[in-house]
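[1] need a structure here:
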Amino acid sequence: MRLLLATAGSRGDVEPFAALADRALAAGHEVRLVAPENSGVELGDLDMVGMGVDYTRMIEEQGVSLMAALRNYRSVVRPVMRGVIVGSARAALEYEPDLIVYHPKVLSAPLVADALGVPHVMVEIVPTLTPTRVFPAAGTVTRGIGPLNRSTYRAVGTASVMFRSELDEVRRMVGGRTRRSSAPAATLMPISPAILQRPHDWPASVHLTGPWTRAHRPATLAPGIAQFIADGSFIYAGFGSMAAGDAAARGRTIVDAARARGSRCLVATGLGGIDVPPNRLGDDVLVVRTVSHAVVLPQATAAVHHGGIGTVHAAMTAATPSVIVPFIADQPFWGARLGEAGLTPAPIPQRALTVPALHAALDEAERCRPRVREVAQAMSTENGTLTALTVLASIR
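    Residues are numbered from 1 along each chain as shown. This next block holds a predicted model:
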């Protein structure tokens, strides 16, 4: 089978697609991955085509706040989305796949699939488009609102209206006249059922596969990081691409809370989510830009992070208790769901992150350890990419 995988967004949106590409290639399929440039994901072994967009640079220049996105909608957001919508369409038309598997941001995928006469499968990295009464759409309200939960999914599905002209450009490319596209042949959600129980009202075409992770590749840690880990217990803190607010204040709080507990601290600054001021540095603090979660988290006593689903999966797989400090998008959703399930303390909003709040949350996280170990055991039996590929192979 000739597969086109198309994704858009930051590292957390690219890594699962790279894992699926690896699995499909190992199974003998032909695979092309269409993705943003400079995602930070190692794609050297894959047939990869860039979209001509750089989410990392966009985040570094404007951060991740909604207000910044609105201010820069015409100058930054719209050009990026044009690259996603039109660039991915060009790549798909050139490749002529048998099946298109796509991230919801790739709004043109159904149009192109219909033009080529091939099926398409949507990948919901987080639950945003498939309605359920059980919980609200990720990125909307945090608390459930009962029967009205289903209505929250309508707001998330309006992006096609915002980018109508870009979609019309793709329609002209494919010679299409209709504004309606066919429905996905299936929807895949690379989420562990040990973390999110499948709602009873999802259709059978929606598959909760388990996380898509790449086969373990030995990671070579810089000598300083390897030595820090070898020297004893530590708390890990990292907020990935969450460049927003007062990063230095967060750095001070994290270091001070760790020291108040007599703990060392390994801080990953990411794209600017944390900044440790010089007056907080010391032998008990190691500051790096990024680290391998697969290597570091199993050694950490706790992980303080933003609650993106990739980091959530990594921490749960490592059986490492978490404190979630959500910023935007799906992060408050996961903070609420995991807190309700007794897997983490209640999330701490980024603006409420103080030394007493973090200290108390780390105490509570330790009490969650038995439940986290149960989830880690359940996840050890999952094979998300194999499950997803089995679904894809069944589509004709």
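[2] now the stretch 151-300 of the chain, which segments are flagged as low pLDDT?
    The model of the stretch 151-300 of the chain has pLDDT under 70 over residues 156-157, 159, 177-179, 216-220, 243.
[3] again, but for the stretch 1-150 of the chain
    Looking at the stretch 1-150 of the chain by pLDDT under 70, you get 59-75.
[4] where along it do the helices fall?
    For the stretch 1-150 of the chain, applying DSSP state H, counting those that start in this stretch gives helices covering 11-26, 55-62, 66-71, 78-82, 88-95, 109-116.
[5] Ok, the stretch 201-350 of the chain next?
    With DSSP H, counting those that start in this stretch as the criterion, the stretch 201-350 of the chain has helices spanning 223-230, 247-260, 293-296, 309-317, 331-340.
[6] which residues are contacting the following helix or strand past the last one?
    The helix or strand immediately downstream of helix 331-340 is helix 355-367, counting by DSSP states H and E. Helix 355-367 is contacted from outside by 235, 253-254, 256-257, 260-261, 302, 304, 321-323, 344-346, 348, using CB atoms under 8 Å, 6 or more residues apart in numbering. Heads up, the C-betas are built off the backbone N, CA and C, glycines and all.
[7] Same question for stretch 196-208.
    127, 130-135, 184-189, 191, 193, 337, 387-388, 391.
[8] mind running it again at 10 Å?
    In this structure, residues lying in contact with stretch 196-208 by CB atoms under 10 Å, 6 or more residues apart in numbering are 121-122, 124, 126-127, 129-135, 149-150, 183-193, 195, 309, 312, 333-334, 337-338, 341, 384, 387-388, 390-392.
[9] chain center to it, what's the gap?
    19 Å (CA atoms, centre = their mean, to the nearest Å).
[10] same question, stretch 251-267
    26 Å.
[11] ok, now stretch 83-91?
    21 Å.
[12] That stretch: end-to-end distance?
    One end of stretch 83-91 sits 11 Å from the other (CA to CA, to the nearest Å).
[13] same thing with stretch 285-292?
    Stretch 285-292: ends 18 Å apart by CA to CA.
[14] buried set for it?
    V285, L286, V287, V288, V291 (16 or more other CB atoms under 10 Å).
[15] would CSV of those residues with distance to A365 be doable?
    Compiled in CSV, those are given as follows (distance: CB to CB, whole Å):
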residue, distance to A365
V285, 20
L286, 21
V287, 22
V288, 22
V291, 20
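[16] quick revisit: turn the helices of the stretch 1-150 of the chain into a markdown table, columns for distance to Y102 and mean neighbour count.
    Shown next, in a markdown table, are those (distance: least, CB to CB, whole Å; neighbours: other CB atoms under 10 Å):
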| stretch | distance to Y102 | mean neighbour count |
| --- | --- | --- |
| helix 11-26 | 9 | 22 |
| helix 55-62 | 16 | 18 |
| helix 66-71 | 22 | 12 |
| helix 78-82 | 14 | 17 |
| helix 88-95 | 8 | 21 |
| helix 109-116 | 4 | 23 |
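[17] The ones you listed: which one's closest to M48?
    M48 sits nearest to helix 11-26 of all the helices of the stretch 1-150 of the chain, at 8.5 Å, using CB to CB.
[18] and the angle from that closest one to helix 309-317?
    70 degrees (axes from the mean of the first three to the mean of the last three CA atoms, to 10 degrees).
[19] mind listing what's buried in stretch 365-382?
    Neighbour-count burial for stretch 365-382 flags A365, C368, R371, V372, V375, A376, M379, E382 (criterion: 16+ other CB under 10 Å).
[20] Distance across stretch 171-189, terminal residue to terminal residue?
    End-to-end distance (CA to CA), stretch 171-189: 28 Å.
[21] can you give me the mean pLDDT across stretch 373-387?
    Average pLDDT, stretch 373-387: 97.
[22] Could the C-alpha coordinates of that stretch be exported in CSV?
    Listed in CSV are the C-alpha atoms of stretch 373-387, where the atom choice follows Å, rounded to 0.1, in the frame of the first residue of the first chain:
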residue,chain,number,x,y,z
ARG,A,373,2.1,2.2,38.2
GLU,A,374,-1.1,0.4,37.3
VAL,A,375,-1.5,2.5,34.2
ALA,A,376,2.2,1.9,33.2
GLN,A,377,1.6,-1.8,33.5
ALA,A,378,-1.5,-1.6,31.3
MET,A,379,0.3,0.6,28.7
SER,A,380,3.1,-1.9,28.5
THR,A,381,0.8,-4.3,26.6
GLU,A,382,-0.3,-1.7,24.0
ASN,A,383,1.1,-1.4,20.5
GLY,A,384,-0.5,1.7,19.1
THR,A,385,1.2,1.8,15.7
LEU,A,386,0.4,-1.9,15.0
THR,A,387,-3.2,-1.4,16.0
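[23] returning to what we had before: now intersect the buried residues of stretch 285-292 with the strands, please.
    V285, L286, V287, V288 (DSSP state E).
[24] Quick check: of those, which lies closest to S88?
    V288 (32.9 Å).
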